[in-house]
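In: Sharing a model that was predicted from the sequence below.
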Number of protein chains: 2
Amino acid sequence: MEEQVPGAIGTSGSLALRFGQIIFSAASLAFMCVGVEFYAYTSFCFLVTIKGLSVPWSLTMAMVDASSVFAHRPSRRLHIVSVVVIGDWLLSLLSLAAACSAASVADYMVTETGASGFVCGKKVCSRYQVSAAMAFMSWCLSLASALFNTWLLPSLYY
Amino acid sequence: MEEQVPGAIGTSGSLALRFGQIIFSAASLAFMCVGVEFYAYTSFCFLVTIKGLSVPWSLTMAMVDASSVFAHRPSRRLHIVSVVVIGDWLLSLLSLAAACSAASVADYMVTETGASGFVCGKKVCSRYQVSAAMAFMSWCLSLASALFNTWLLPSLYY
């Protein structure tokens, strides 16, 4: 007997969450990459790597949800949901780590500018900050997906 | 019918995990606080705050485990375990965030020293790094506790 968990895999709520993740992750990548020398800083490289992983993952999950919502193909088998839950939690933890690293380094750069000369220009610094903020947004949505899918898991197992 | 999950609340494995958390958190706090001006940097203040929260939490949980192991008082009621799971996950996420922030700022300080003069002395910088490493260790143990207790939860619920 399956429960109907809103936001779990195969519902329209989940599709909306995945689209949100794709949009925020792509925005974070765009603000970080375009015209900014992110590769000089370890934590910005980490952010770009993790967002580069999480965009394809969310895209795949969005396709699975869409096939379930529009074509009514069920995707709630135990082994599929287990893999999705593990992937979601892994990417959620990594994206929290990446967002925190980027945010703290961006904040440090902004506060240190006055004391010891320019670390980054005003425009560039604010782009780093916006990118970190977008990464946090995408982390929130990704945590929500992970929680909803975890909630679904025991009802498939028992 | 209760399962016997090794490492879940009330077992000796859990007691060992909690002691590990206390030791690593306290070490992280000590390396960060003693004689170092951590309060000038937002992310180091964040680390100190979170470690200051997680030491009492782990201490309380260690006492609960000890009373269960040595005095054989059961502590596995649904509402107790639920509160423990929520607290564990919250502190685990916050301590990951704090560890990442501290590690990335410490790393940034070390790499920037060559380019624009001294950001921190060699001795102070390495203390920041050791503190961040200890925070990561304590996060690993805290994640393990959270996972074991989450694993226990459905067997109490159904």
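Out: Thanks, I have the structure now.
In: In the helix or strand harbouring A:Val83, which residues are buried?
Out: Assigning secondary structure by DSSP states H and E places A:Val83 in helix A:78-112. Neighbour-count burial for helix A:78-112 flags A:81, A:84-85, A:87-89, A:91-110, A:112 (criterion: 16 or more other CB atoms under 10 Å in any protein chain shown). (C-beta placed from N, C-alpha, C; glycine too.)
In: And for stretch A:132-151?
Out: For stretch A:132-151, by 16+ other CB under 10 Å, it's A:132-150.
In: try stretch A:64-82
Out: A:Val64, A:Asp65, A:Ala66, A:Ser68, A:Val81.
In: can you tell me which of those residues lies nearest to chain B?
Out: A:Val81 (14.1 Å; CB to the nearest CB).
In: what residues are up against that closest one?
Out: Contacts for A:Val81 (CB atoms under 8 Å, 6 or more residues apart in numbering or on different chains) come out as A:Ile9, A:Asn149, A:Leu152, A:Leu153, A:Leu156.
In: Counting by contacts, list what the helix or strand harbouring A:Leu141 packs against.
Out: In this structure, A:Leu141 is located in helix A:122-157 according to DSSP H and E. Where contact means 3 or more CB pairs under 8 Å, 6 or more residues apart in numbering or on different chains; DSSP states H and E, helix A:122-157 is packed against helix A:12-33, helix A:42-70, helix A:78-112, helix B:122-157.
In: near chain B, which residues of chain A show up?
Out: A:41-43, A:46, A:93, A:96-98, A:100-105, A:107-108, A:111-112, A:116-117, A:119, A:154, A:157-158 (CB under 8 Å from any CB of the partner chain).
In: The residue nearest to A:Gln21 when sequence neighbours are not counted: neighbour count?
Out: Nearest non-adjacent residue to A:Gln21, counting by CB to CB, 6 or more residues apart in numbering or on different chains: A:Ser58, 4.2 Å away. By other CB atoms under 10 Å in any protein chain shown, the residues close to A:Ser58 number 26.
In: thought A:Ser58 was touching A:Ser25?
Out: Yes: at 6.7 Å, A:Ser58 counts as touching A:Ser25 under the criterion of CB atoms under 8 Å.
In: hmm, back to that, what about the helix holding A:Val83, distance to the chain center?
Out: 7 Å (CA atoms, centre = their mean, to the nearest Å).
In: cool, stretch A:149-158 as well?
Out: Distance, centroid of stretch A:149-158 to centroid of chain: 22 Å (CA atoms, centre = their mean).
In: Give the buried residues for that stretch.
Out: Quick answer for stretch A:149-158 (16+ other CB under 10 Å): A:Asn149, A:Thr150, A:Leu152, A:Leu153, A:Ser155, A:Leu156.
In: Is it possible to get a markdown table of those that adds pLDDT?
Out: Putting the buried residues of stretch A:149-158 into a markdown table (pLDDT from 0 to 100) gives the following:
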| residue | pLDDT |
| --- | --- |
| A:Asn149 | 89 |
| A:Thr150 | 86 |
| A:Leu152 | 84 |
| A:Leu153 | 81 |
| A:Ser155 | 79 |
| A:Leu156 | 78 |
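In: Just give me the closest of those residues to A:Leu53.
Out: A:Asn149 (18.0 Å; CB to CB).
In: so how far is chain B from the closest one?
Out: 13 Å (CB to the nearest CB, to the nearest Å).
In: ditto for A:His72
Out: Distance from A:His72 to chain B, by CB to the nearest CB: 29 Å.
In: ok, now A:Glu37?
Out: Distance from A:Glu37 to chain B, by CB to the nearest CB: 13 Å.
In: okay, now that residue: neighbour count?
Out: A:Glu37, neighbours per other CB under 10 Å, totals 9.
In: ditto for the one 3 residues further on
Out: In terms of burial, A:Ala40 registers 11 neighbours under the definition other CB under 10 Å.
In: which residues of chain A score low on pLDDT?
Out: Applying pLDDT under 70 to chain A picks out residues A:1-4, A:75, A:113-119, A:158.
In: can you tell me which residues contact A:Leu143?
Out: A:Leu143 neighbours (CB under 8 Å, 6+ apart): A:Ser92, A:Leu96.
In: again, only using 7 Å
Out: A:Ser92 (CB atoms under 7 Å, 6 or more residues apart in numbering or on different chains).
In: same question, the one 4 residues further on
Out: By CB under 7 Å, 6+ apart, no residues touch A:Leu147.
In: and the gap between it and A:Val5?
Out: 10 Å (CB to CB, to the nearest Å).
In: quick revisit: so which of the helices and strands packed on helix A:122-157 comes closest to B:Leu17?
Out: Here helix B:122-157 is closest among those (CB to CB), at 5.0 Å.
In: starting at the chain centroid, how far to that closest one?
Out: 4 Å.
In: what do you get for stretch A:54-71?
Out: Taking mean C-alpha positions (CA atoms, centre = their mean), stretch A:54-71 and its chain are 14 Å apart.
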